[in-house]
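> Predicted coordinates and the sequence they were generated for:
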Amino acid sequence: MDLGQDRAHSARMYDYYLGGKTNYAVDREAAREVVRAFPAIETVARVNRAYMHRAMRFLAGQGVRQFIDVGTGIPTAPNVHQVVQGVAPDCRVVYVDNDPIVLVYADSLLSGTPQGQTAYVDADATRPADVLAAVKAEGVLDFDRPIALSLHALLHFVPDEQGPYELVDKFMDALPAGSFLSLSHCTGDFAPDAWKSIIDTYARQGTCVRVRSRTDVARFFDGLVLEEPGVAVGHRWRPEAASGPSLVPDVQASLYAGVGRKP
């Protein structure tokens, strides 16, 4: 199994921003270059994690009991199943990624509550039909009941030529009415020069990054009913005192987030 230890990887760099240990020297070197360009990148990562926790708790609180987490990345507790099963122990979660290093650590994603169920499938997020087929084959979720799809910190790695909006549409078209989309996406709206440097750093490692404006991010929710407060800077989406960084300038968050419901 090729874990790509000879080149920096976006998932391991993200792990480094969060203070994790699942990264190599090559990842740390590239991540530190990003930090030099934009010291707040670690705050962006924490804001994203805190948003995920709030959004998943919100959805479980709305009665959603089925979740698909696409682009899972390296497991970082609490993971989606731990968050939602903390609200409702009978929640079911299917994780999706195609990164070999995520597969190595996937065991930590499969230890849910006795009442619920979790699964991990190896599939490419840019091929929705394959993802959905793999998820259905697990038999964990009932596609006749609402499902929450999470695409957190994923779509800024999908360039325009790969059709990110069509990708989201294909996912949501396959889900029943009453399903939800939770999405977070990095933006260059607040620090364009710094994000140009970040994009260049990732490009040198072979990873395309495409940050988008608030208007661009809002397009992902076309046809959906946005939950309040709509598309917001990540730390401003239903902030909670205990959910991580909230009182930071928008420039340090540099991430838009939102939840939309399929009518």
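The structure has been received and is ready for your questions.
> What segments of the stretch 51-200 of the chain are helices?
Assigned by DSSP state H, counting those that start in this stretch, the helices in the stretch 51-200 of the chain fall at 80-87, 100-104, 128-138, 164-173, 192-204.
> could you redo those helices as CSV and give each row mean pLDDT and mean neighbour count?
In this view, the C-beta of every residue, glycine as well, is placed from N, C-alpha and C. Shown next, in CSV, are these (pLDDT from 0 to 100; neighbours: other C-beta atoms under 10 Å):
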stretch, mean pLDDT, mean neighbour count
helix 80-87, 97, 22
helix 100-104, 79, 17
helix 128-138, 97, 17
helix 164-173, 98, 18
helix 192-204, 96, 16
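> do you know which of those lies nearest V158?
Relative to V158, the nearest member of those by C-beta to C-beta is helix 164-173, separated by 4.2 Å.
> The closest one to helix 128-138, inter-axis angle?
In terms of direction (axes from the mean of the first three to the mean of the last three C-alpha atoms, to 10 degrees), helix 164-173 departs from helix 128-138 by 30 degrees.
> Can you give the contact residues for helix 164-173?
70, 125-126, 128-129, 131-132, 149, 151, 155, 158, 179, 181, 183, 210, 219-220, 222-224, 262 (C-beta atoms under 8 Å, 6 or more residues apart in numbering).
> again with stretch 223-231
Residues contacting stretch 223-231 (C-beta under 8 Å, 6+ apart): 58, 169, 172, 181, 214, 217-218, 221, 236-238, 256-263.
> Please pick the buried ones from these.
58, 172, 181, 214, 217-218, 221, 237-238, 256-262 (16 or more other C-beta atoms under 10 Å).
> circling back to that earlier point, from the contacts of stretch 223-231, which ones fall inside strands?
181, 256-261 (DSSP state E).
> shaky segments in the stretch 1-150 of the chain?
Low-confidence segments of the stretch 1-150 of the chain (pLDDT under 70): 1-5.
> The same query, at a cut-off of 50, please.
In the predicted model, the stretch 1-150 of the chain carries pLDDT under 50 at residues 1-2.
> residue nearest the centroid of this protein?
Central residue of the chain (C-alpha atoms, centre = their mean): H152, 1.7 Å from the mean position.
> what are the ranges of the strands in the chain?
Using DSSP E, strands in the chain cover 66-70, 92-97, 117-122, 148-152, 180-186, 225-226, 232-233, 255-261.
> Report all helices and strands that the third one contacts.
Spelled out, that is strand 117-122. Strand 117-122 sits against strand 92-97, helix 128-138, with contacts defined as 3 or more C-beta pairs under 8 Å, 6 or more residues apart in numbering; DSSP states H and E.
> JSON lines please, covering the ones you listed and showing distance to A40.
Converted to JSON lines, the helices and strands packed on strand 117-122 look like this (distance: least, C-beta to C-beta, whole Å):
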{"stretch": "strand 92-97", "distance to A40": "26"}
{"stretch": "helix 128-138", "distance to A40": "32"}
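> Right, I'll call it a day here.
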